[in-house]
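> Quick one, what's the 3D model for this:
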Amino acid sequence: MQRTSLEALARQQLELAAAAGGGHTADTVYGGHEKVLRQTVIGMTEGASLAEHENPGEATVQVLHGRVRLSAGELSWEGRTGDLLIVPDSRHSLEALEDSAVLLTVAKLS
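I've put the predicted structure just below:
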């Protein structure tokens, strides 16, 4: 069994994001390309975004710290610390409305 502190990972990714050129960093904490399930902590500085992209499978975004906006076409949803956003099955983007850290969980489609 392995135990991971999401709070510590969120703080670490926020610090790294502040120093990163694009304003965001990520660390996969479970799974990866060889697994169906992948969980990644993403740190984003205020104003940073993950450009519109396809959904690789069923996915959620849990806001660990801060406030983000998930957008798909004309629709958007804001999430704050403690919120869980269901990622739509369409092209979407994510923007940090303030310094933020999220846990992205993806179950890849076969």
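> Excluding covalently adjacent residues, which one is nearest to residue 65?
If the residues on either side of it in the chain are set aside, residue 65 comes closest to residue 101, at 4.4 Å by Cβ to Cβ, 6 or more residues apart in numbering. Backbone N, C-alpha and C define where each C-beta goes, glycine included.
> lowest confidence element among the helices and strands of the chain?
Least confident helix or strand of the chain, by mean pLDDT, DSSP states H and E, is strand 49-53 with a mean of 90.
> and it, what does it pack onto?
Other helices and strands packing on strand 49-53, by 3 or more Cβ pairs under 8 Å, 6 or more residues apart in numbering; DSSP states H and E, are strand 92-96.
> quick one: strands adjacent to the strand it packs on?
Strand 92-96 has these partner strands in its sheet, going by DSSP bridges: strand 49-53 (antiparallel), strand 67-72 (antiparallel).
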